[in-house]
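Participant: Give me a 3D structure for the following:
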Amino acid sequence: MPRRRGEDGQGVVEFAMVLPVLAAVVFMFISFGKAIYYYIELTHTANEGSRLAAVSPATLPNGSAQLGSYLCSLLGSSSSELRAGSTAVDNATVTITYGTADQNTGDPVSVEVATTYHWIPFFGSLAAMGINGTSTMRIENPPAATGANYDTSTTC
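Facilitator: Numbers count the residues shown, from 1 in each chain. Now for the predicted structure:
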């Protein structure tokens with residue numbers, strides 16, 4: 001069957017029409033994957049922090065004296081997005097909250113590691129969402145018993 005005139009380039013035009021939608025879907029999946037990754041990292045760091053705050057070791061695993069700075073080091077190198085911030089995510093904050101001022105055995109201790117994720121990086125707070133990981137445990141070894149004195153709020 002002979003080709004009709006005027007149909008040359010039809011596939012290119014259709015592809016050009018579909019390409020922006022396809023690119024937006026791919027960008028959306030990548031952005032959603034990054035948000036899930038950040039949530040997992042923050043939750044893991046909060047779990048580690050609440051466990052350390054519950055047992056109150058005198059020295060932390062990397063020799064750091066402050067729990068907040070140790071937890072920040074778990075978020076990657078000093079140039080990582082969660083520590084240094086970027087157009088896509090603000091730098092993380094670590095907040096340690098004791099249930100009572102006495103900090104006795106059995107009292108709760110909570111650690112929250114939070115950040116703000118920007119779905120569309122160049123629009124500021126227009127498409128921003130808070131992502132946080134929180135963990136609460138009971139104090140097994142009070143800080144007074146080991147001499148541990150942890151900070152209560154740190155910005156990475």
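Participant: Give me the distance from the longest helix along the chain to the chain's centre.
Facilitator: Secondary structure assigned by DSSP state H gives helix 10-55 as the longest helix of the chain. Distance of helix 10-55 from the chain centroid (CA atoms, centre = their mean, to the nearest Å) equals 12 Å.
Participant: what residues does the helix or strand following that helix touch?
Facilitator: The helix or strand immediately downstream of helix 10-55 is helix 67-74, counting by DSSP states H and E. Residues from elsewhere that reach helix 67-74, judged by CB atoms under 8 Å, 6 or more residues apart in numbering: 44-45, 48-49, 52-53, 60-62, 64, 83, 92, 94, 96, 111, 113, 150-151, 153-154, 156. Quick note: C-beta positions are derived from backbone N, CA and C, even for glycine.
Participant: Mind listing what's buried along helix 67-74?
Facilitator: 67-68, 70-74 (16 or more other CB atoms under 10 Å).
Participant: Run through this structure and note the low-pLDDT ranges.
Facilitator: Across the chain, the ranges flagged by pLDDT under 70 are 1-7, 121-125.
Participant: what about Gln10, distance to Ala16?
Facilitator: As judged by CB to CB, to the nearest Å, Gln10 and Ala16 stand 11 Å apart.
Participant: ignore the last one, Thr146
Facilitator: The value you get for Thr146 to Ala16, if CB to CB is used, is 66 Å.
Participant: ditto for Asp102
Facilitator: 68 Å.
Participant: cool, and Val94?
Facilitator: Using CB to CB, we find Val94 at a distance of 48 Å from Ala16.
Participant: In terms of neighbours, single out the busier of the two.
Facilitator: When Val94 and Ala16 are compared for neighbours, Val94 comes out ahead with 27 against 10, by other CB atoms under 10 Å.
Participant: Can you name the next helix or strand after the helix or strand hosting the more buried one?
Facilitator: Using DSSP H and E, Val94 sits within strand 93-98. Sequence order places strand 108-118 as the next helix or strand after strand 93-98, per DSSP H and E.
Participant: Noted, bye for now.
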